[in-house]
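J.: curious how this folds, go ahead:
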Amino acid sequence: MENTPERRAGVTERQQVADIVAERIERLITDGVLKVGQALPSERRLCEKLGTSRSALREGLRVLRGLGIIETRHGSGSFVARLSAERDNSPLMHLFSTQPRTVYDLLEVRALLESEAARLAALRATVADLVSIRRRYEDMVAREQDTRSTSPEDHARLDHDFHRAISEASHNAVLVHTLQSLSDLMLSSVFASVNNLYHRPAHKRLIDRQHHRLYQAIMDRQPERAERIAREHINSVRESFMEIEQEEQRLVRATMRLEGWH
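T.: You can find the predicted model right below:
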């Protein structure tokens, strides 16, 4: 086919439309409307929402797939890809799984990021955000009371969902996606806190109280109080980990002495 100016202009125009569609979907992702791992709506639904044609939508999705923002799974559709460079076999994931002390580093990061997320959430949360936070909090409390049928993994995910709802209410796209990019590490630390502290009544009561105080501070729109409580919450989990580790080390030393190790 002859490469005429008209044909080149048509290709350029289609590319511009595709870029606009891609940019609008990117905005939905950065704004947290479409979340990491979430399946995209059907083509028909997306076309209606974006006010575009199917051909333009497909071109826009192709652009996003090329950038690694969208991934297509055969037979399942398109999904928002993980925006982090972290992989299950990355050096950081390896160190985290083999060197438990790295959990302290993670909790330091969480204390910084989540305290700021809580402060911003108290300032910026919309009515819809507050509804989401309330639902996540109520789900968590309901499962905490149903101790027999709820596994430690379930508790960890509910804890994680509560903190994620708070971060999304911050309306800071970089903060939200930074926390989401740490999702695997975050969930590991939450799981560790629930798994190690859940069967320790004093520690569990402290975590429950802190969650309640954090929830109330955000609902009452008290940013400084929310920031302080979130920071104290994460730091107290960190201190509890240290206490547990010291207990375990004392037990190991005592056992070795009994077994005749010198």
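J.: could I get the full set of helices for the stretch 1-150 of the chain?
T.: Counting by DSSP state H, counting those that start in this stretch, the stretch 1-150 of the chain has these helices, from start to end: 5-30, 43-50, 54-67, 91-98, 102-124, 127-145.
J.: quick one: the nearest residue to Tyr104 once chain neighbours are set aside and Arg73, what's the gap?
T.: Excluding its sequence neighbours, the residue lying closest to Tyr104 (CB to CB, 6 or more residues apart in numbering) is Arg238, at 6.0 Å. Glycine gets a C-beta too; all of them are placed from N, C-alpha and C. As for Arg238, its distance to Arg73 is 38 Å (criterion: CB to CB, to the nearest Å).
J.: and the gap between the closest residue to Lys49 other than its chain neighbours and Arg250?
T.: In this structure, Lys49 finds its nearest non-sequential neighbour in Pro41, 7.2 Å apart by CB to CB, 6+ apart. Computed as CB to CB, the Pro41 to Arg250 distance reads 55 Å.
J.: and these two? which has more neighbours close in?
T.: A side-by-side neighbour count of Pro41 and Arg250, using other CB atoms under 10 Å, places Pro41 first with 14 against 10.
J.: now the more buried one: phi and psi?
T.: phi -60, psi 170 (degrees, to the nearest 10).
J.: pLDDT weak spots in the stretch 51-200 of the chain?
T.: Within the stretch 51-200 of the chain, the stretches with pLDDT under 70 are 83-101, 146-150, 152, 183-199.
J.: mind redoing it with 50?
T.: 85-87 (pLDDT under 50).
J.: shouldn't Arg221 be within a helix?
T.: No. Applying DSSP: H, G, I helix; E, B strand; the rest coil, one finds Arg221 to be coil, outside a helix.
J.: give me the number of residues near it?
T.: Arg221 has 14 nearby residues by other CB under 10 Å.
J.: number of nearby residues for the residue lying closest to it once chain neighbours are set aside?
T.: Of all residues not flanking Arg221 in the chain, Ala122 sits nearest, at 5.2 Å (CB to CB, 6+ apart). By the criterion of other CB under 10 Å, Ala122 has 24 neighbours.
J.: Ala122: what's it in contact with?
T.: Residues counted as contacts of Ala122 (CB atoms under 8 Å, 6 or more residues apart in numbering) are Ala217, Ile218, Asp220, Arg221, Gln222, Pro223, Arg225, Ala226, Glu227.
J.: what's the neighbour count on the nearest residue to the first one once chain neighbours are set aside?
T.: Take Ala217 and drop its neighbours on the chain: the residue closest to it by CB to CB, 6+ apart is Ala226, 3.9 Å away. Ala226 sits with 27 neighbouring residues when counted by other CB under 10 Å.
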